[in-house]
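**Q** Attaching a predicted model along with its sequence, questions to come.
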Amino acid sequence: MHETGNGTSNAIKTKNNVGGMMTKKGLMTFGSVDEGIDKMASNLKRLYFDQGLTTIEQIQKKYAPVGASNDPTGLNKNWVNGVTKYYKSLGG
């Protein structure tokens, strides 16, 4: 929800990409929303949960670190609060 503007971004609307997942060539495209969800869940499990990163704060340090070179406008500083808001809205 955070990565796609609560489902309003081009990534979800035209590419079924629920997580804003990228390759070096740009946004990944999936055949369906279900496929996009499966890929994002698989990615989250493999690259984060399986490595012991199980809280929003732990994941942020790897996924969206504050001060990262690919975050020139400093949006990563809002990542934990944004994701936490959506997580709580879903009953987390």
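**A** In hand now; what should we look at?
**Q** Residue 11 and residue 27 touch, don't they?
**A** Yes. Taking CB atoms under 8 Å as the definition, residue 11 is a contact partner of residue 27 at 5.2 Å. Using the backbone N, CA and C atoms, a C-beta is placed for each residue, glycine as well.
**Q** higher neighbour count, these two?
**A** For residue 11 versus residue 27, neighbours defined as other CB atoms under 10 Å are more numerous around residue 11 (24 against 15).
**Q** Show me what secondary structure element comes after the longest helix seen in the chain.
**A** Longest helix of the chain, by residue count under DSSP state H: helix 33-47. Later in the chain than helix 33-47, the nearest helix or strand by DSSP states H and E is helix 56-63.
**Q** okay, which residue is most central for this protein?
**A** Nearest residue to the geometric centre of the chain (CA atoms, centre = their mean): residue 19, 4.3 Å.
**Q** what kind of secondary structure is that residue in?
**A** coil (DSSP: H, G, I helix; E, B strand; the rest coil).
**Q** OK, contacts around the nearest residue to it once chain neighbours are set aside?
**A** Leaving aside its chain neighbours, residue 19 sits nearest to residue 40 (3.6 Å; criterion: CB to CB, 6 or more residues apart in numbering). By CB atoms under 8 Å, 6 or more residues apart in numbering, the contact set of residue 40 is 18, 19, 21.
**Q** so what pLDDT did the first one get?
**A** Meaning residue 18. We have a pLDDT of 92 for residue 18.
**Q** State the distance from the nearest residue to it once chain neighbours are set aside to residue 53.
**A** Closest residue to residue 18 in three dimensions, ignoring its sequence neighbours and counting by CB to CB, 6+ apart: residue 36, at 4.4 Å. Using CB to CB, to the nearest Å, one gets 21 Å for the distance from residue 36 to residue 53.
**Q** more crowded one of those two?
**A** Between residue 36 and residue 53, counted using other CB under 10 Å, residue 36 has the larger neighbour count: 22 against 17.
**Q** where does this protein have low pLDDT?
**A** Across the chain, nothing is flagged by pLDDT under 70.
**Q** Much appreciated, bye for now.
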